[in-house]
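# fold the following, please.
(one chain, ligands or ions: 1)
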Amino acid sequence: MQRTKIVHLLQSDAAQEDVVVMGWLRTKREAKGFAFLELNDGSCLANLQIIADATIPGSEHLEQLGTGASLKVRGNLAESPGKGQRWELQATELSVFGQADPERYPLQKKRHSDEFLRSIAELRPRTNKYGAVNRLRSELALTMHRFFHERGFFYIHSPIITGLDCEGAGELFRVTTQDPQAAGSQAARDADFFGKRAFLTVSGQLTAEVMACALGDVYTFGPTFRAENSNTPRHAAEFWMVEPEMAFADLQDAVDLAEDLVRTCVGQVRQARDEDLNLFARFVSTELEARLDLLQEPFERITYHQAIDILAQSGRSFEYPPEQGRDLQTEHERFLSEEYFKKGVVVTNYPASIKPFYMRVDEDGQTVAALDVLLPGVGEIIGGSQREERLEGLTERMQVLGLQPEEYEWYRNLRRFGTVPHAGFGLGFERLLMYMTGVHNIRDVLPFPRTPNNLSF
Ligand code: 4AD
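Take a look at the predicted model:
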């Protein structure tokens, strides 16, 4: 089917004869002898205004046309005499793909709540806000691929089905072909598809390490799954993670890359999709622009110990009092980035006791070469580390944390054969989108959110 996208027509620098557009009707206003139609085809936020004369072929449909109907319109693009738009389409012919019964079509011209829109995930991308979110997702993903490509990173694909729990946190979804009643026994396990227990991946890191220890600089970008039962606005059971991994690199290299990735990509998306972002600045968060401007500042870099000292001396009463040895909570992360430093913050060198087995133990034997990036408004968006490349130390950490080193022979082989210092991190793609849009709930930046008791289709 030949059509011109509305985004291209609206950018036109001259009038055009005989173009065809296809899209969904947003509004219709009837006047004497003609109608104004606002058509949106998803290619951009703006609608195309169409003037349809009551005499053109297809005009017999005009009366029944309701919001949500899908149309094909042929016409001439002309300068609009009206306010608010440069171009309009003077229709010469109109046809209808499908009507949308106004009695039943749920997206009418009024404002709908986020909760209501979540209940119609099949239609919400047709609203301004969710159309914009999905275009921003696409732009951010592409920008990140470009970022890595320009720096010589290879895009690698980590498996979705895995036999391991990367984070050691136990928040795993089981993958099985067995009847849940029968699962559990050794016999059932042996008979299961892989002959052993299998899970959905919580992180592509361990396989990214394999690839980094062969190709140098790599990244993986895919869906990850966590059966965290925390029903918070920042956690989803299925979310996307961007995970670079670099060979011949240490903690500082990972910190530098994390800062560069966030600041460069947000800056580029702001330029490329300012129309979509302005929608959020106008209707979702009036502080958005100022918050995004904070990224022009280099990130503050502090250690975990410094972070706890700042929190303890802040005079603030936190729900979880900050204490050396305890993990930082969201309220702490937000205080540090939003109120104290008022910019992006990188916290490094956390206590070994609260971090996974693969992080490199520091010289003091107490902390690990971990990094978290905190941003105002969302808190943690990145977690990563320099990896433990020394076989003995790695095996010891596994034992301390109750893991079976034999199950990780392949991972330990990377340390046995030509081990190298290496480092990487995971960036929560949705968390960065929440930061960019000011959207408070992760369910509203995911096209089809999966959270506890919520799997619409
Ligand atoms: O800090 P995390 O758990 O790090 C890892 O998984 C490492 N293996 C990554 C690596 O080094 N390659 O998760 C990384 C980021 C978090 O900072 C957060 O932004 C996001 O993933 N994240 C979630 N986002 C949405 N919903 C959840 N349930 C999330 N859990 C983590």
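
# any regions of the chain where pLDDT drops low?
180, 182-184 (pLDDT under 70).

# interface residues of the chain facing the ligand?
For the chain, the contact set with the ligand under C-beta under 6 Å from any ligand atom comprises 166-167, 203, 205, 226, 228, 235-236, 239, 241, 243, 380-384, 424-426, 428, 430-431, 442. The way it works is simple: take the backbone N, C-alpha and C, and place the C-beta from them, glycine included.

# now, these that are in helices?
Residues of the residues of the chain next to the ligand located in helices (DSSP state H): 205, 430-431.

# can you tell me which of those residues lies nearest to residue 33?
residue 430 (49.2 Å; C-beta to C-beta).

# okay, domains of this protein per the record?
Here the domain parsing of the chain from automatic domain parsing is 6-107, 124-444.

# need the distance between the two termini of the last one.
Pointing back at domain 124-444 there. Start-to-end span of domain 124-444 (C-alpha to C-alpha, to the nearest Å) is 10 Å.

# again, but for stretch 198-217
Its first and final residues considered, stretch 198-217 spans 28 Å by C-alpha to C-alpha.

# same thing with stretch 373-385?
11 Å.

# and it, how far from the chain's centre?
Centroid displacement of stretch 373-385 relative to its chain, using C-alpha atoms, centre = their mean, to the nearest Å, is 13 Å.

# next, count neighbours for residue 200.
Per other C-beta atoms under 10 Å, the neighbour tally for residue 200 reads 19.

# OK, contacts around the nearest residue to it once chain neighbours are set aside?
Spatial nearest neighbour of residue 200, excluding adjacent residues (C-beta to C-beta, 6 or more residues apart in numbering): residue 225 at 3.8 Å. Applying C-beta atoms under 8 Å, 6 or more residues apart in numbering to residue 225 gives the contacts 172-173, 200-202, 237-238.

# who wins for most neighbours among the ones in helices among the residues of the chain next to the ligand?
Result: residue 205 is most packed of those (other C-beta under 10 Å), 26 neighbours.

# that one and residue 244 touch, don't they?
No - counting by C-beta atoms under 8 Å, residue 205 does not reach residue 244; the two are 10.0 Å apart.

# what do those two both touch?
Listed as contacting both residue 205 and residue 244 by C-beta under 8 Å, 6+ apart are residue 424.

# that older thread, how about the contacts of residue 225 in a markdown table, adding distance to residue 67?
Below are those laid out as a markdown table (distance: C-beta to C-beta, whole Å):
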| residue | distance to residue 67 |
| --- | --- |
| 172 | 44 |
| 173 | 39 |
| 200 | 39 |
| 201 | 41 |
| 202 | 42 |
| 237 | 33 |
| 238 | 31 |
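
# could you pick out the buried ones from those residues?
Listed as buried from the contacts of residue 225 are 172, 200-202, 237-238; burial here means 16 or more other C-beta atoms under 10 Å.

# so which of those belong to strands?
200, 238 (DSSP state E).

# can you tell me which of the buried ones among the contacts of residue 225 comes closest to residue 394?
Among the buried ones among the contacts of residue 225, residue 202 lies closest to residue 394 (C-beta to C-beta), at 19.2 Å.

# which ones are touching the closest one?
Going by C-beta under 8 Å, 6+ apart, residue 202 touches 165-167, 169, 171-172, 224-226.

# list buried members of those residues by neighbour count.
Buried subset of the contacts of residue 202 (neighbour count, 16+ other C-beta under 10 Å): 165-167, 171-172, 224-226.

# bridging residues for the residue nearest to residue 429 when sequence neighbours are not counted?
Excluding the flanking residues, the one nearest residue 429 by C-beta to C-beta, 6+ apart is residue 240, at 3.9 Å. Taking DSSP bridges as the rule, residue 240 bridges to residue 223.

# for residue 247, see how far away residue 240 is.
24 Å (C-beta to C-beta, to the nearest Å).

# walking through the stretch 151-300 of the chain, point out its helices one by one.
Secondary structure of the stretch 151-300 of the chain (DSSP state H, counting those that start in this stretch): helices at 186-191, 205-215, 251-272, 274-283, 288-293.

# got it, and the stretch 351-457 of the chain?
With DSSP H, counting those that start in this stretch, the ranges of helices along the stretch 351-457 of the chain come out as 391-400, 409-416, 429-437.

# how distant is the first one from the center of its chain?
Same thing as helix 391-400. Distance, stretch centre to chain centre, for helix 391-400: 34 Å (C-alpha atoms, centre = their mean).

# the last one too?
From the chain centre to the centre of helix 429-437 is a distance of 6 Å (C-alpha atoms, centre = their mean).

# wait, residue 174 touches residue 194, no?
No - counting by C-beta under 8 Å, residue 174 does not reach residue 194; the two are 11.3 Å apart.

# can you list the buried ones among the contacts of residue 225 in TSV and add distance to residue 5?
Below are those laid out as TSV (distance: C-beta to C-beta, whole Å):
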residue	distance to residue 5
172	43
200	36
201	36
202	39
237	35
238	30
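
# ok, of the buried ones among the contacts of residue 225, which one's closest to residue 71?
The closest of the buried ones among the contacts of residue 225 to residue 71 turns out to be residue 238 (C-beta to C-beta; 34.7 Å).

# now that closest one: closest residue in space that isn't a chain neighbour?
Closest to residue 238 by C-beta to C-beta, 6+ apart is residue 450, at 4.3 Å.

# mind checking how far that neighbour is from residue 160?
Applying C-beta to C-beta to residue 450 and residue 160 gives a distance of 14 Å.
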